[in-house]
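Asker: give me a 3D structure for the following:
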Amino acid sequence: MRLWVCIVLLSTVLCASADRPAIFDRMIRAGSFVRDAAGGSWDMYRAYRDMREANYKGADKYFHARGNYDAARRGPGGAWAARVISDARENWQGSVSGRGAEDTRLDQEANAWGRSGGDPNRYRPKGLPSKY
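Answerer: Numbering: from 1, shown residues only. Sure, this is the predicted structure:
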């Protein structure tokens, strides 16, 4: 019995330290992508919630950039989620709100700035409470 326990433990240690098959590496990367995407979606929601709570005129570009920046810092999944959410939001708002193409273009510029790692404070308006 002890021999079998030793063999099982040794096999476990050897298998754990051996190279994994490529399929497992792809599954781990896919799981990381999904986790990053979920976290990026949460970052985008948090920026939206803060924008609604602040209700500060002229601060929308800052919150767009901040949400995209936070999401993209999580990794490729976060950047993907930020791009999908930003594009969907702008497409929806472009047809519903009367702000026009210029505002949509500036929003997308702030989105891209944040996703590329640019400092969101570039768009921060003066007087916005430090809480945000």
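
Asker: residues in contact with Tyr69?
Answerer: Tyr69 is in contact with 114-115, 117-120, counting by Cβ atoms under 8 Å, 6 or more residues apart in numbering. The way it works is simple: take the backbone N, C-alpha and C, and place the C-beta from them, glycine included.

Asker: farthest-separated two in those?
Answerer: Spanning the widest gap among the contacts of Tyr69 are Arg115 and Asp119, at 12.6 Å by Cβ to Cβ.

Asker: more neighbours, those two?
Answerer: More crowded of Arg115 and Asp119, by other Cβ atoms under 10 Å: Arg115, with 22 against 12.

Asker: returning to what we had before: now, which of the contacts of Tyr69 sits nearest Leu106?
Answerer: Closest approach to Leu106 among these (Cβ to Cβ): Gly114, at 12.9 Å.

Asker: distance check, the closest one against Val96.
Answerer: 23 Å (Cβ to Cβ, to the nearest Å).

Asker: more neighbours: which of the two?
Answerer: Neighbour totals were compared for Gly114 and Val96, and Gly114 leads with 30 against 8 (other Cβ under 10 Å).

Asker: and the next helix or strand past the helix ranked longest in the chain?
Answerer: Secondary structure of the chain per DSSP state H: the longest helix is helix 22-54. Reading on from helix 22-54 to the C-terminus, the next helix or strand found by DSSP states H and E is helix 60-72.
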